[in-house]
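Peer 1: The following comprises the amino acid sequence and a computationally predicted model.
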Amino acid sequence: MDSSQPRTDAPQKKKPIVIITIGMAGSGKTTFVQRINSYLHSLDTPPYIVNLDPAVTHMPFDANIDIRETVNYEEVMKQYNLGPNGGILTALNLFTTKFDQVLSFIEQRADVVDHVILDTPGQIEIFTWSASGAIITDAVASALPTVVAYIIDTPRTIAPATFMSNMLYACSILYKTRLPFILVFNKTDVQPHDFAIEWMQDFEAFQAALAAHGSQREKTGDSDPSYMDSLMNSMSLVLDEFYKHLKAVGVSAVTGDGIPEFFEAVEKSREEYEKEYRPEIDRLTKERESQLEAHKKDSLNRMMHDLKVDRERPWTGSGSDPRSERFGEDEEIEEDDYDDDGEEIDRSDDPGHFMNVDRARRDGGESMRWPRPG
Ligand SMILES: Nc1nc2c(ncn2[C@@H]2O[C@H](COP(=O)(O)OP(=O)(O)OP(=O)(O)O)[C@@H](O)[C@H]2O)c(=O)[nH]1
């Protein structure tokens, strides 16, 4: 084969996948990001990291884009007279107004980067329940394959009720983002995650754990067992369906256990994104564009109609109608060009005022000299 010929069948580089890490405070998110960062460096495929937590004091890795370099969260708190959570939320809102630039930086690196990691604020609800969190998630997901990695503190989820609360939270994030989702059971060096996998795959095992926990509570007289347990039994049946849409991996951000398995789940999520989410995102984008187009058309039609009505309205000023003297039959007439006494308003300084919009529409606007701002 002639090697001087450019190869047209060379495989195209895959787009980078965005991993949005979300987790309750203390779940080990930062340690996890540090771990996957060093793992990817060891494979010679360094990721592109975006830190979205304005309040983080210590970051054990270098972020390519850091919200703290754009917004000073303590200054925001002072200036807007806010508490810590309000400060983080406002800082994130301010940063979101510039997120198109962040996205363009990421897209510029798309040829050399395989993974983009977004580290989110520890106060989970600030990202998951705020408008800016939704805007950021939508923006990245419509540009690149995206997956949510939900970090769970495994040792703190061994009680069935805590486990269920955590799963319900994960369910609500999945419902809000509608993106491929990986449950990352962290800290498996302290507590293996087998119990969680068993509870997710076999709801009877979960119900048995609930019953065992319930009888313990009964002994200590903690709460009304019948109501809570029957509620959780019903919830476990509901969540059973939810678990089918998830991938779960156990990792230790401290030892590095399970990190290769995590990246296998990420690759599966990429396929899932391309197969299920991409067509849906494309459909929604098209729908939004056609709605916008219809809205523009409607506004233009209404404007044209208003102009026509204006022209047909009888002259109510004194003397003969100066509009017909000046413009003739076929010309555009605007009543706004005359004051209450029928005197013509001098708009000679306003080059764009006397535009013939009908003509602009007929010839596609080519004959128009549109007014320029300033
Ligand atoms: N044993 C063990 N400890 C971990 C692991 N991952 C994190 N930790 C510890 O958990 C604590 C919290 O970890 P961080 O990484 O700061 O957690 P975070 O979720 O980023 O916390 P916020 O900054 O509050 O959002 C730290 O003491 C970590 O050393 C792990 O895999 N195993």
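Peer 2: Happy to help now that I have it. Numbering: from 1, shown residues only.
Peer 1: average pLDDT for stretch 142-151?
Peer 2: Stretch 142-151 shows a mean pLDDT of 94.
Peer 1: Tell me what the closest residue to residue 261 other than its chain neighbours is bridged to.
Peer 2: Distances taken as Cβ to Cβ, 6 or more residues apart in numbering put residue 249 closest to residue 261, at 4.9 Å, once the chain neighbours are dropped. Bear in mind the C-beta positions are built from the backbone N, C-alpha and C, glycine included. Per DSSP bridges, residues listed as beta-bridge partners of residue 249: residue 184.
Peer 1: cool, residue 146 as well?
Peer 2: Assigned bridge partners for residue 146, using DSSP bridges, are residue 18.
Peer 1: residue contacts, it?
Peer 2: 17, 18, 19, 20, 137, 140, 179, 180, 273, 277 (Cβ atoms under 8 Å, 6 or more residues apart in numbering).
Peer 1: what residue ranges in the stretch 201-350 of the chain score low on pLDDT?
Peer 2: 214-226, 315, 317-350 (pLDDT under 70).
Peer 1: Who are the packing partners of the helix or strand where residue 307 lies?
Peer 2: Here residue 307 is covered by helix 278-312, with elements defined by DSSP states H and E. Applying 3 or more Cβ pairs under 8 Å, 6 or more residues apart in numbering; DSSP states H and E, one finds that helix 278-312 contacts helix 131-143, helix 357-362.
Peer 1: Ranked by average pLDDT, which of those helices falls at the bottom?
Peer 2: helix 357-362 (a mean of 46).
Peer 1: that older thread, would you mind giving the contacts of residue 146 as a markdown table with distance to the ligand added?
Peer 2: Formatted as a markdown table, the contacts of residue 146 follow (distance: Cβ to the nearest ligand atom, whole Å):
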| residue | distance to the ligand |
| --- | --- |
| 17 | 21 |
| 18 | 19 |
| 19 | 15 |
| 20 | 14 |
| 137 | 18 |
| 140 | 20 |
| 179 | 20 |
| 180 | 21 |
| 273 | 25 |
| 277 | 26 |
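Peer 1: Most neighbours of all the residues you listed, which one?
Peer 2: Using other Cβ atoms under 10 Å as the neighbour criterion, residue 180 leads those with 28 neighbours.
Peer 1: check contacts around that residue.
Peer 2: Residues in contact with residue 180, defined by Cβ under 8 Å, 6+ apart, are 146, 147, 148, 247, 269, 270, 272, 273, 277.
Peer 1: what's the closest of the residues you listed to the ligand?
Peer 2: When the contacts of residue 180 are compared for distance to the ligand (Cβ to the nearest ligand atom), residue 148 wins out at 15.0 Å.
Peer 1: who touches that closest one in this structure?
Peer 2: With Cβ under 8 Å, 6+ apart, residue 148 has these contacts: 20, 22, 173, 174, 177, 179, 180, 181, 182.
Peer 1: Would you convert the residues you listed into CSV that also reports pLDDT and secondary structure?
Peer 2: Listed next are these as CSV, based on pLDDT from 0 to 100; DSSP: H, G, I helix; E, B strand; the rest coil:
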residue, pLDDT, secondary structure
20, 95, strand
22, 94, strand
173, 90, helix
174, 89, helix
177, 87, helix
179, 91, coil
180, 93, coil
181, 93, strand
182, 96, strand
